[in-house]
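Novice: return a 3D structure for these sequence lines:
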Amino acid sequence: MKKTYYVDLASVRAEIARLGFKKKDLAEELGISFSSLSQKLNGKNQFSINELGNIASLTNKPIDYYLKCN
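Specialist: Predicted coordinates for the structure are as follows:
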């Protein structure tokens with residue numbers, strides 16, 4: 001059976017908040033607009049693997065911390 005992984009947006013939002021990142025600053029670090037970041041955090045668009053990797057680096061977590069499996 002094939003496993004499907006998805007980004008656990010609650011974990012991303014929680015870690016960003018815990019570390020005190022401002023969304024505006026995080027968007028700049030990721031090279032995307034504030035609007036794009038908001039859409040991704042709300043599940044309207046998906047993070048690219050590069051963006052998720054950058055979030056993992058910025059929050060000092062392994063990338064799989066933010067991945068969940070169905």
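
Novice: could you pull out the strands in the chain for me?
Specialist: Remark: strands assigned in the chain by DSSP state E are 5-7, 67-69.

Novice: tell me which of these sits most buried.
Specialist: Using mean count of other C-beta atoms under 10 Å, the stretch among these with the largest mean neighbour count is strand 5-7, at a mean of 14. For the C-beta atoms, the positions are set from N, CA and C on the backbone; glycine is no exception.

Novice: picking up where we left off before, can I get the strands of the chain in CSV with distance to residue 59 and mean pLDDT?
Specialist: Shown next, in CSV, are those (distance: least, C-beta to C-beta, whole Å; pLDDT from 0 to 100):
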stretch, distance to residue 59, mean pLDDT
strand 5-7, 13, 92
strand 67-69, 14, 93
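
Novice: out of those strands, which gets nearest to residue 39?
Specialist: strand 5-7 (13.1 Å; C-beta to C-beta).

Novice: residue 61 against residue 16, yeah?
Specialist: No - assessed by C-beta atoms under 8 Å, residue 61 is found out of contact with residue 16, at 11.1 Å.

Novice: more neighbours: those two, which one.
Specialist: residue 16 (19 against 14; other C-beta atoms under 10 Å).

Novice: quick one: contacts for the more buried one?
Specialist: By C-beta atoms under 8 Å, 6 or more residues apart in numbering, the residues touching residue 16 are 23, 26, 55, 59.

Novice: among those residues, which lie within helices?
Specialist: 23, 26, 55, 59 (DSSP state H).

Novice: would you mind measuring from the first one to residue 51?
Specialist: Here the criterion is C-beta to C-beta, to the nearest Å. By it, residue 23 lies 13 Å from residue 51.

Novice: between those two, which is the more surrounded one?
Specialist: Shown here are residue 23 and residue 51; by other C-beta under 10 Å, residue 51 has more neighbours (19 against 14).

Novice: need the per-residue pLDDT for residue 30.
Specialist: Here the pLDDT value assigned to residue 30 is 96.

Novice: from residue 17, how far off is residue 50?
Specialist: 22 Å.
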